[in-house]
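Enquirer: What follows is a predicted protein model with its sequence.
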Amino acid sequence: MNTTDGDAIAATADPVWVKVAAADSLPAAKGAADFVCHGEHDEKTLQAAIDRCAADGRDLFLFDGIYHVDAFREWGDGGPRVAIRIPRMLRHFTIQGQKFFQAGRGTIQDDKSDWRNGAILYVRKPVWDTAGEGVPSVLRGECTEVASQNGAGLEIENVSMFICDTEHPARCVDLRWTDAAEVRNMRLYGFGYRAMNGDSHPWKKFGPLPMPHIDAIGLTMTSGSNIPVSRFDNIVATGFGQGFQAGGEHVICNDCLASKGLYGWTFGNYEYARGAFNHPIVLVNCCDEENVHMPLFGAAHIIGRDKVSPPRGQSVTMVGCNFERMEYLTIGGKLGDAMRETVPGSWRGRIEYTLMPSESSANAIDFPVWENDGSGSGFETVNLAHRRVGPSEERRRYAPHLGQTYFDTDLGKLLVCTDPAKRVWVDAMGNPAERLG
């Protein structure tokens with residue numbers, strides 16, 4: 001909603017909205033709101049507002065401000081402990097923030113911030129006293145036995161979440177019991193305490209960044225066939241064990257960035273309920289920056305009602321994506337795994353990318369992006385910085401990919417790479433290039 005504050009407040013006169021203001025929202029917003037939070041345990045007020053939406057067939061509108069989340073609780077629906085739960089409404093439900101401009105980014109000056117630059121759920125340290133066992137969810141849908149065609153579509157726009165730390169397991173946004181998810185304009189910060197206390201990139205005010213827990217997760221996608229596409233646009237996940245747990249069917253991610261974590265992206269790496277799919281997943285102009293490990297492709301199992309099937313070529317396509325691999329900007333100061341598959345060779349797809357090995361550097365042509373264990377053998381992998389035609393000297397500089405082709409002008413032959421680790425290129429008859437010239 002790209003409007004002035006006054007226009008936004010006037011627009012909420014539409015009875016479709018149940019309106020909520022934070023304790024630090026502007027006075028006019030509080031005057032227009034149906035619910036006003038107190039600045040402590042705001043999850044209770046937000047839950048009451050969502051329950052009103054469910055009862056009245058309305059949607060949720062959040063005025064700019066900070067909404068404090070202080071506790072998880074057991075809901076009794078078979079799902080994990082949760083702070084804010086969306087009932088299964090059998091309809092499309094919308095949660096919309098007043099506006100979005102990178103939610104606080106660029107507002108930190110001299111340790112002072114104007115956090116009204118967006119609607120932010122701030123998950124504070126007291127939540128860990130109520131987390132219990134397992135991996136709790138800050139926001140999730142009602143857990144049901146139905147995973148596909150659940151009948152509870154969800155749209156979230158202009159709402160961000162800052163969790164105090166990611167040294168504990170927790171999912172910020174858990175969409176496993178949601179169909180047709182659409183999430184736009186969201187920042188997920190795993191360094192919430194630092195952000196709220198005046199820290200910003202490069203996140204050094206309070207000392208070195210700690211390594212996040214592997215089950216500290218920014219966003220987990222749907223767990224079944226959702227009929228229409230699930231879309232994720234303009235989302236940033238910073239500082240998590242897994243920034244994006246990608247999965248589901250008909251998934252499109254545009255302009256999404258995962259940074260400063262353990263894994264930026266994992267695919268098919270979460271539990272499903274009664275049927276799940278990992279195809280097709282498409283990333284367009286997305287980024288994986290300064291994470292310890294490059295993307296992980298999970299077992300890609302399809303879990304049915306009675307059995308678990310073996311991996312069967314689930315697909316991921318990356319279009320114009322970028323990786324940044326810089327030890328000195330990585331948590332712990334050491335790079336981890338390149339891209340790998342839990343079951344090497346089980347995934348399919350096409351990955352086109354550029355890779356930056358240092359800040360403001362030229363895109364790398366000699367940086368291997370797959371582990372040398374058979375991972376990636378089912379993908380067409382394309383480094384966009386590689387030429388397709390050129391002399392032998394150029395080709396020898398490359399870290400090639402399995403099946404990559406190159407017309408060698410010195411040899412006058414089209415070559416194909418058959419062994420990336422050893423940089424073996426052969427002609428159409430299988431003759432090694434180094435024996436031809």
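Expert: Perfect, I can see it now.
Enquirer: only C-alpha atoms for contact and neighbour calcs from this point on.
Expert: OK.
Enquirer: and the protein, what are its domains?
Expert: Following automatic domain parsing, one finds the domains of the chain at 5-385, 389-437.
Enquirer: Among the ones you listed, show me which one is buried the most.
Expert: The highest mean neighbour count among the domains of the chain, using mean count of other Cα atoms under 10 Å, belongs to domain 5-385: a mean of 20.
Enquirer: tell me the average confidence for that one?
Expert: Averaging pLDDT along domain 5-385 yields 88.
Enquirer: chain center to it, what's the gap?
Expert: How far domain 5-385 lies from its chain's middle: 5 Å, per Cα atoms, centre = their mean, to the nearest Å.
Enquirer: show me what contacts G132?
Expert: Neighbouring residues of G132 by Cα atoms under 8 Å, 6 or more residues apart in numbering: R81.
Enquirer: quick one: it and L46, what's the gap?
Expert: G132 sits 22 Å away from L46, taking Cα to Cα, to the nearest Å as the criterion.
Enquirer: Spell out, range by range, the strands that occur in the stretch 1-150 of the chain.
Expert: Under the criterion DSSP state E, counting those that start in this stretch, the stretch 1-150 of the chain contains strands at 17-21, 35-36, 59-62, 65-69, 82-86, 93-97, 119-123, 137-141.
Enquirer: Turn the ones you listed into TSV, including distance to D42.
Expert: Formatted as TSV, these follow (distance: least, Cα to Cα, whole Å):
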stretch	distance to D42
strand 17-21	10
strand 35-36	9
strand 59-62	12
strand 65-69	5
strand 82-86	10
strand 93-97	16
strand 119-123	9
strand 137-141	12
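Enquirer: Tell me who's in contact with the residue lying closest to A83 once chain neighbours are set aside.
Expert: Closest residue to A83 apart from its sequence neighbours, by Cα to Cα, 6 or more residues apart in numbering: F72 at 4.3 Å. Residues counted as contacts of F72 (Cα under 8 Å, 6+ apart) are R81, V82, A83, V127, T130, A131, P136, S137, V138.
Enquirer: From G132, how far off is F72?
Expert: Here F72 is placed at a distance of 9 Å from G132 (Cα to Cα).
Enquirer: List the residues that contact the nearest residue to Y193 once chain neighbours are set aside.
Expert: Nearest residue to Y193 in three dimensions, chain neighbours excluded: C164, at 4.5 Å (Cα to Cα, 6+ apart). C164 makes contact with Y122, V123, R124, K125, G190, F191, G192, Y193, R194 under the criterion Cα under 8 Å, 6+ apart.
Enquirer: How much space separates the closest residue in space to the fourth one that isn't next to it in sequence from H68?
Expert: In space, and not counting its chain neighbours, K125 is closest to C164: 6.0 Å by Cα to Cα, 6+ apart. Using Cα to Cα, one gets 11 Å for the distance from C164 to H68.
Enquirer: Give the residues shared as contacts by these two.
Expert: Taking Cα under 8 Å, 6+ apart as the criterion, C164 and H68 both touch Y122, V123, R124.
Enquirer: The last one touches T166, doesn't it?
Expert: No - in this structure R124 lies outside contact range of T166 using Cα atoms under 8 Å: 11.4 Å.
Enquirer: In the chain, what residue spans correspond to helices?
Expert: 5-11, 27-32, 42-56, 192-196, 392-396 (DSSP state H).
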